[in-house]
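>>> quick check, what structure comes out for this input:
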Amino acid sequence: MLLRSLPPPGTPRLPNPRKLKIGVLVVLALTYAGLFVVLSRHPKPPPGPHYTAIPVAVVKTAPPAPPAPPPPAPHLADPVPVTIPPPRLAIH
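The predicted structure is shown next:
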């Protein structure tokens, strides 16, 4: 019985996965560090106010509203006369 513990001769060796992982991590770390340095040393200027010219033909003003009619005069009714009876004094 033949055990396949060794690859046949002539096959290329696979890279060491540990060295490959470390290499990828080093490349990513250098890329992130480079981007951090570039972006932190060259800040973007704050955006200024943007003015937009609007043609007058586009902006239409509302026509003046006709004056409102005067309010009707309030109808004042005569008040009901109040009758107060004289007080009753009880002396004991």
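>>> what bits of this protein have low per-residue confidence?
1-4, 56-59 (pLDDT under 70).
>>> for the helix or strand hosting Lys19, name the packing helices and strands.
Assigned by DSSP states H and E, Lys19 belongs to helix 17-41. When contacts are defined as 3 or more Cβ pairs under 8 Å, 6 or more residues apart in numbering; DSSP states H and E, helix 17-41 sits against none of the other helices and strands. Where C-beta positions appear, they are placed from N, C-alpha and C, glycine not excepted.
>>> centroid residue for the chain?
With distances taken as Cα atoms, centre = their mean, Pro47 lies nearest the centre of the chain, 17.4 Å away.
>>> on the three-state scheme, that residue is what?
The three-state label given to Pro47 by DSSP: H, G, I helix; E, B strand; the rest coil is coil.
>>> what's the spacing between it and Val82?
Look at Pro47 and Val82: by Cβ to Cβ, to the nearest Å, they are 74 Å apart.
>>> what about stretch 81-89, how long is it end to end?
This stretch, stretch 81-89, spans 25 Å end to end (Cα to Cα, to the nearest Å).
>>> err, stretch 83-92, not the other one
OK, stretch 83-92 end separation, Cα to Cα: 28 Å.
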